[in-house]
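>>> Next one to model:
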Amino acid sequence: MKVYTVSEVAALAGISVRTLHYYDEIGLLKPAHVGDNRYRYYREPELLRLQQILLHRELGMTLNEIGAILDDPHFDYLATLRTQRERLEAEGERCRQLVRTIDRTIGELEGDGIVKHKDLYSGFVPQEKQAEYEAWLVDRFGEDARLPIAASRSRFEATDPGTAGRHMEELEEIETALADAMQANTPPQARSLDPLIGRHRDWVAAMWGKACPADAYATLADIYGAHPDFARRFEAIRPGFSSWLPTAMKAWARRQT
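From the prediction side, this is the model:
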């Protein structure tokens with residue numbers, strides 16, 4: 001099996017030697033061995049792990065989250081690659097759509113046609129995804145869902161970016177703690193999860209701008225479990241989290257009644 005020096009791996013991956021040193025220092029990517037000359041040497045398993053680190057970074061995950069996923073004894077390399085491929089393929093299609101939008105706009109501005117205002121924003125995720133989610137919710141839960149959807153959207157649009165960012169940081173902290181509990185083999189029905197699940201429910205209520213009773217929280221768990229986008233997002237946090245979290249939410253809701 002071919003052996004690579006740290007400089008060779010850095011050149012292969014397009015990253016700095018210092019980055020590889022740092023990954024070694026924090027235990028994220030250890031070399032296969034360190035020679036008597038104190039040089040780090042890497043083999044194919046380390047190259048594959050580095051690929052996973054870089055793929056997860058591309059998908060927006062922190063180094064702590066990546067380490068937890070890769071060190072999970074149940075980590076499935078092939079299944080993870082397939083999930084990553086699906087996410088990147090979806091992102092690639094979105095990028096291709098944005099390129100088409102840009103090309104169409106350039107052509108129209110150069111005199112090849114009239115700019116259609118509705119086409120100026122094709123490919124931008126927030127508006128399109130929001131409309132998709134709202135249509136899906138109305139289809140699943142009926143017309144009564146339209147009013148709370150509109151209220152939630154108005155509240156979110158009125159939130160300043162700094163506050164919204166802090167909300168998302170808090171959610172990341174809560175979800176990471178819950179994923180850690182899952183990785184520690186805590187059953188989703190365990191009462192020991194009540195403080196964490198309670199924090200998650202409180203976060204949801206804060207985002208809704210109103211109380212989140214147990215039955216509404218259980219319905220949200222059903223949504224998390226049913227929509228593929230949520231499943232992909234939760235699986236990216238930790239494999240198995242997409243089913244564990246909704247189960248924990250519903251178990252908590254049942255204990256409140």
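
>>> Give me the distance from stretch 171-187 to the chain's centre.
On the basis of CA atoms, centre = their mean, to the nearest Å, stretch 171-187 is displaced by 14 Å from the centre of the chain it belongs to.

>>> in that stretch, what counts as buried?
Across stretch 171-187, burial judged by 16 or more other CB atoms under 10 Å covers L171, I174, E175, T176, L178, A179, A181, M182, Q183, T186. No exception for glycine: its C-beta is placed from N, CA and C like everyone else's.

>>> Over to stretch 216-236?
So, applying 16+ other CB under 10 Å, buried residues of stretch 216-236: 216-221, 224-225, 227, 230-232, 234-236.

>>> any idea where the helices of the stretch 101-250 of the chain begin and end?
With DSSP state H, counting those that start in this stretch, the ranges of helices along the stretch 101-250 of the chain come out as 125-141, 146-158, 161-183, 194-208, 214-226, 228-237, 241-255.

>>> quick check: mean pLDDT across the fifth one?
So the one you mean is helix 214-226. For helix 214-226, mean pLDDT rounds to 84.

>>> Ok, the third one next?
Model confidence over helix 161-183 averages 81 on the pLDDT scale.

>>> Which strands and helices lie in contact with it?
On a contact count with 3 or more CB pairs under 8 Å, 6 or more residues apart in numbering; DSSP states H and E, helix 161-183 meets helix 63-70, helix 194-208, helix 228-237, helix 241-255.

>>> Might one say that V17 is in contact with T5?
No. At 9.4 Å, V17 does not count as touching T5 under the criterion of CB atoms under 8 Å.

>>> how many neighbours does L81 have?
Neighbours of L81 under the rule other CB atoms under 10 Å: 14.

>>> Let's verify Y41: helix, strand, or coil?
strand (DSSP: H, G, I helix; E, B strand; the rest coil).

>>> now do G60
Note that with three-state DSSP, the state of G60 is coil.

>>> ok, it - contacts?
G60 makes no contacts at all, as judged by CB atoms under 8 Å, 6 or more residues apart in numbering.

>>> try V6
By CB under 8 Å, 6+ apart, the contact list for V6 reads V17, L20, H21, P31, Y39, R40, Y41, Y42.

>>> how about the nearest residue to L178, chain neighbours excluded?
Closest residue in space to L178, ignoring its immediate chain neighbours: L196 at 5.5 Å, by CB to CB, 6 or more residues apart in numbering.

>>> So the one you found versus P45, what's the distance?
Look at L196 and P45: by CB to CB, to the nearest Å, they are 34 Å apart.

>>> ok, now H227?
H227 sits 36 Å away from P45, taking CB to CB as the criterion.

>>> Put the buried members of the contacts of V6 into a PyMOL selection.
In PyMOL, a selection of the buried entries from the contacts of V6 looks like this (16+ other CB under 10 Å):
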select buried, resi 20+31+40+41+42
